[in-house]
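Q: Dropping the sequence and predicted coords here.
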Amino acid sequence: MSTNQNNLVEVRGLRVVGSRPGEPDTTIVHGVDFDVSRGEVLALIGESGSGKTTIALSLMGHARSGCRIAGGSIRIGDTDVRALSPKGLASLRGRKVAYIAQSAAAAFNPSRAIIDQVIESALIHGTLSKRAAKAKAVELFRALALPEPETIGRRYPHQVSGGQLQRLMAAMAFITDPELVILDEPTTALDVTTQIDVLKAFKRVIKEYGMTAVYVSHDLAVVAQMADRILVLSDGQVREAGATGQILHAPAHPYTQSLIAAVTPTAAASHTEAPEAKQQSRPPLLEVRRVMAGYGRKDARGWPSKLILSEVDLSIGRGQTVGVIGESGSGKTTLAKVIAGLVPSAGGSLLLDGEPLAGDLDHRTKEQFRRIQIVFQNADTALNPVHSVGRALARPLEFYHGMRGERAKKRVTELLELVRLPASVASRCTAELSGGQKQRVNLARALAAEPDLILCDEVTSALDTVVGAAILDLLRDLQRELGVSYLFITHDIAKVRAISDDIVVLYAGHRVETGNRDALSTPPFHPYSHLLVSSAPELRAGWLDEASERCHRTLAPIGPSADNPELCTFLARCSMRIDGVCNQTTPSLRTLGNGAQVLCHRSEADLIRFQASPAPATLAHVERA
Amino acid sequence: MNTNRPFPQEARPMNNSDLVQRSSALPPGADRPQPWGGGPTPPPVRPARRRSLAARMGLSTGGWIGFAMVCLALLVAVFAPWIAPHSVGAIVTPDVFAGFSAKLPLGSDYLGRDMLSRIIYGTRLTVLLALAAALLAAITGTTLGLLAAVAGRAIDETMSRLLDAVTSIPSKMFALMIVAAFGSSLTLLILTAAISYMPGSYRIARSLAVNISALEYVQVARARGESAIYIACVEMLPNMLHPMLTDTGLRFTFVVLLLSGLSFLGLGVQPPYADLGSLVRENIAGLGDGAPVVIMPALAIAILTVGVNLLIDGLPHRGRRKVAPTTDGGH
């Protein structure tokens, strides 16, 4: 390719190596070429370790410690980035190239007001006077749809929400009118419902200011909304490059195809062995009845000061999967911990096989411990770094089944085989395994107890899409082979639909909807479920505009709420609220035609009418899958 | 104490080296966590146990100097009877406060005894006393700290407040009081030093243990129904061992200084035994004559304490430790 005047960024043969003294360099990025033309958004997509962030950082002439840019050329406008002195680089960064990182919370100094940090780079580079910079910042706040643009800058970072902080960081990057903006997974740490707002704001500002951007992400569905062109990376090499539409609809490279396949998890094969008949006679495996739980000191009624779960009901049958979905802070993890006994319940009861299960650890029997196992989200901290894999797996064998020596060793091998890991893993240290392997070991450790129920707390959230999809498949296979039940906790509606029989939607510790998988695929939903469903990014361009329209209907104005703690918790965000009803009386649980139970005042007909237009989002999704 | 990084920092899933390693298509290397966290040198392809001791310790230059000084002190302490040219109490020359000579390399003291032998035996006593006291303090402190972390709120609160009260008594005053009340003996000195430094050790152990007990592998163990003792000893203790060892080293220095101070005041080790502190005191009269022997025991104290400090500072930081490299193989 010859030099094109229209290209802002030209990268040729970029090689980045990691080096440690006394050993040969490891190549992280193998000769990558790409261009970004002015006003274009290029997405770098790949799994962790594919080199996407390394490439993005090299555009600023930066390599992380232990790495260095070993070859190739990077040209931004008419600047040769590799030829710049440290001083030249300093004037490039923040001025011509700006960077928006994944964690806004870590990028702000908690002890200074936001506005001072936002305008800092303009002052350092001397592009604007302090007054002009402040005016520009307010203008940017407005463009990014931040509340109270005039005064939000006076707040401190802990006084705004995560999604707002992410947008404020964007304002920080945009303040110097950079020619190139690098967005490094800016929405990965956010809830889907917040993600929409942030994406929409970013998209608008990029369009409005005609900015050139490089968007780094592992999430194809998000990238589909933002990018004009996509560069698919794996192992530091470009696998495929093309326009967004082509990559999404006609992926040429097998790796891209596998990525796209992993984004749309296939629904579980319908359970042919209808367990209904058996269930009639026997109580469900686990029943959770009106459980309350929370943290902090207990008051006179025995309720904790901060109530996380209030009156949650749940029932899990044998060999069944119940999905629990909700935003962060909705009490999903607390629910799992209450069932596991890690957080004592303050009210309600737990029944295992119809027998009462104590709310705290001290009063449970070993047998009850054995039957309920928990697998945590963060595979890295869920395995003790000083124990080998074999030791981690052998402990539950010895603890519950008294298995030792050769027998235990044999069983460890079997367990590893069950989770599709080679037997040689047993002697390895847990720190030597990848995230996906660790999560398999976690599962194997839970299986070692031969449990009836495994509580899966966001088990795939910290993993790459492809690896996560493999774990999901594994869970399904294990259920078929061993008949184990799952409580599957996630914030991802696609995953929960793929694996669950029944789905429970939690909002602020209240169960707002319960239904089977089909009920949660098409309207009517509870308004909150509807928000969740329509916030989940879909793999088609143009979804963002539709969805933001759907999710951002103006809220009906309502009067002050009655002094009733039992009011609908979703009231403040609900687009279907009714003045005089929702803010006055407690909603009651009603059963809809499709069998789902919702906690809402609206009638079924109302819900259908509200949620049907525009065209149901889920339909397109289902057809694609 | 910058070496006392709490454990969670190293468990951070994404550090730079992690990314670096994950992108390589090589099979997972066997980069074991090493005793002191592995500095910048360890090659990832060879198993750790075959690496040389030097590479495994990953000390900085200052660390090596400190290491040499500590080794010297330890060797002297262990082999004192064999390397000392004279016995402790033997008066070898009529010449008091003699200068350095071929016969008496460090001169003679106020009674005409060989200073080199006195210092060698003094080092032995100081090192043994301080080591015993520091270990005693660390072991009780760690045990109580772990107990506080697993035993529940009431025990934790009671123990923490009680030990805070002990901390509030200045250690030298406390030691003076004990010696004044019970007289001076070696056992009592060890106990006094151990009691003075135990609360600090407890504080550090407790904070480490509280951090670790929030980690998910401890939660998993609790949900498995494991006893508190199992959780404390098998799941938690191994993960706090390194910071605790570092802390013990520092505490050792403090104990050396405390004991030397007591001996200097005449309340510590009693004649005919002498530790480094009492050697300084005995020969204080030589100051007027400008005798060089006065400074020798002080130098020995300095070598011991500075050496331990250099060694601890030279240890590689835990935060920089490599999280093991892997590829997402097997999927």
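A: Nice, I can see it.
Q: where exactly do the strands run in the stretch 501-625 of chain A?
A: Here the stretch 501-625 of chain A has its strands, by DSSP state E, counting those that start in this stretch, at A:502-507, A:510-516, A:589-591, A:597-599.
Q: of all those, which lies closest to chain B?
A: Each of the strands of the stretch 501-625 of chain A has some distance to chain B by C-beta to the nearest C-beta; the shortest is strand A:502-507, at 20.4 Å. For every residue, glycine as well, the C-beta is placed using N, CA and C.
Q: list the helices and strands the closest one packs on?
A: Contacts defined by 3 or more C-beta pairs under 8 Å, 6 or more residues apart in numbering or on different chains; DSSP states H and E place strand A:502-507 against strand A:304-316, strand A:321-325, strand A:510-516, helix A:527-535.
Q: got the angle for it vs helix A:527-535?
A: 100 degrees (axes from the mean of the first three to the mean of the last three C-alpha atoms, to 10 degrees).
Q: Can you give the contact residues for strand A:502-507?
A: By C-beta atoms under 8 Å, 6 or more residues apart in numbering or on different chains, the residues outside strand A:502-507 that reach it are A:312, A:314, A:316, A:320-327, A:330-332, A:335, A:496-497, A:511-517, A:519-520, A:526, A:528-529, A:532, A:569-570.
Q: just to revisit the earlier point, so can I have JSON lines of the helices and strands packed on strand A:502-507 showing distance to chain B and mean neighbour count?
A: Compiled in JSON lines, the helices and strands packed on strand A:502-507 are given as follows (distance: least, C-beta to the nearest C-beta, whole Å; neighbours: other C-beta atoms under 10 Å in any protein chain shown):
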{"stretch": "strand A:304-316", "distance to chain B": "14", "mean neighbour count": "19"}
{"stretch": "strand A:321-325", "distance to chain B": "17", "mean neighbour count": "26"}
{"stretch": "strand A:510-516", "distance to chain B": "23", "mean neighbour count": "23"}
{"stretch": "helix A:527-535", "distance to chain B": "26", "mean neighbour count": "25"}
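Q: Just give me the neighbour total for the closest residue to residue A:222 other than its chain neighbours.
A: Nearest residue to residue A:222 in three dimensions, chain neighbours excluded: residue A:537, at 5.3 Å (C-beta to C-beta, 6 or more residues apart in numbering or on different chains). Other residues lying near residue A:537 total 22 when counted by other C-beta atoms under 10 Å in any protein chain shown.
Q: Am I right that residue A:537 is in contact with residue A:221?
A: Yes - when contacts are counted by C-beta atoms under 8 Å, residue A:537 is listed as touching residue A:221 (3.6 Å).
Q: which residues are in contact with both of those two?
A: Common contacts of residue A:537 and residue A:221 (C-beta under 8 Å, 6+ apart): residue A:543.
Q: Residues of the stretch 101-250 of chain B that sit close to chain A?
A: When proximity is defined by C-beta under 8 Å from any C-beta of the partner chain, the stretch 101-250 of chain B lies next to chain A at B:215-217, B:219-220, B:222-226, B:235, B:238-239.
Q: Mind checking which of those residues are buried?
A: B:215-217, B:219-220, B:222-226, B:235, B:239 (16 or more other C-beta atoms under 10 Å in any protein chain shown).
Q: do stretch A:90-102 and chain B meet at all?
A: No - Stretch A:90-102 lies out of reach of chain B by C-beta under 8 Å from any C-beta, never closer than 9.7 Å.
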